[in-house]
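>>> Kindly generate the corresponding structure for this input.
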Amino acid sequence: MTVRQMKPSKEALELKVRIWGNRLTQRQVADAVGITEQAMSEYLLGRRLLKRQELEAIEAYLAEFEESPNVCEG
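The predicted structure is shown next:
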């Protein structure tokens with residue numbers, strides 16, 4: 001059986017950038033929205049699709065970090 005390689009979608013790549021930009025790990029995001037780290041990784045690599053509810057939960061979770069101001073101590 002041959003496994004077909006897929007490219008990540010534009011949305012998956014943008015999500016990956018947002019995760020890294022907020023200094024989060026795939027595991028943190030996956031845990032927060034109730035999916036496995038493997039499911040998150042496979043989505044970001046283009047190997048699987050996520051349900052609409054899962055994507056909406058990820059969007060909402062990341063929005064919390066993007067809306068909060070960065071506070072620099074010093």
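>>> OK, contacts around Leu55?
With contact set as C-beta atoms under 8 Å, 6 or more residues apart in numbering, Leu55 has these partners: Glu11. For glycine as for every other residue, the C-beta is placed from the backbone atoms N, C-alpha and C.
>>> which SS class is it?
When the structure is reduced to helix, strand and coil (DSSP: H, G, I helix; E, B strand; the rest coil), Leu55 reads as helix.
>>> gap between it and Leu49?
Applying C-beta to C-beta, to the nearest Å, one obtains 9 Å for the distance of Leu55 from Leu49.
>>> leaving aside the residues next to it on the chain, what's closest to Thr31?
I think there's a mix-up here, since residue 31 is Asp and not Thr. Glu37 (7.7 Å; C-beta to C-beta, 6 or more residues apart in numbering).
>>> tell me the contacts of the one you found?
Residues counted as contacts of Glu37 (C-beta under 8 Å, 6+ apart) are 26-27, 30-31.
>>> Okay, and which of these map to strands?
Secondary structure defined by DSSP state E assigns none of those to strands.
>>> Buried subset of the residues you listed as a ChimeraX selection?
Provided next is the ChimeraX selection string for whichever of the contacts of Glu37 are buried by 16 or more other C-beta atoms under 10 Å:
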select :26,30
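>>> residues in contact with the residue nearest to Leu13 when sequence neighbours are not counted?
If you skip the residues right next to it in sequence, Leu13 has Leu44 as its closest partner in space, 8.0 Å away by C-beta to C-beta, 6+ apart. Contacts of Leu44 were listed using C-beta under 8 Å, 6+ apart, and they are 8, 12-13, 15-16, 26.
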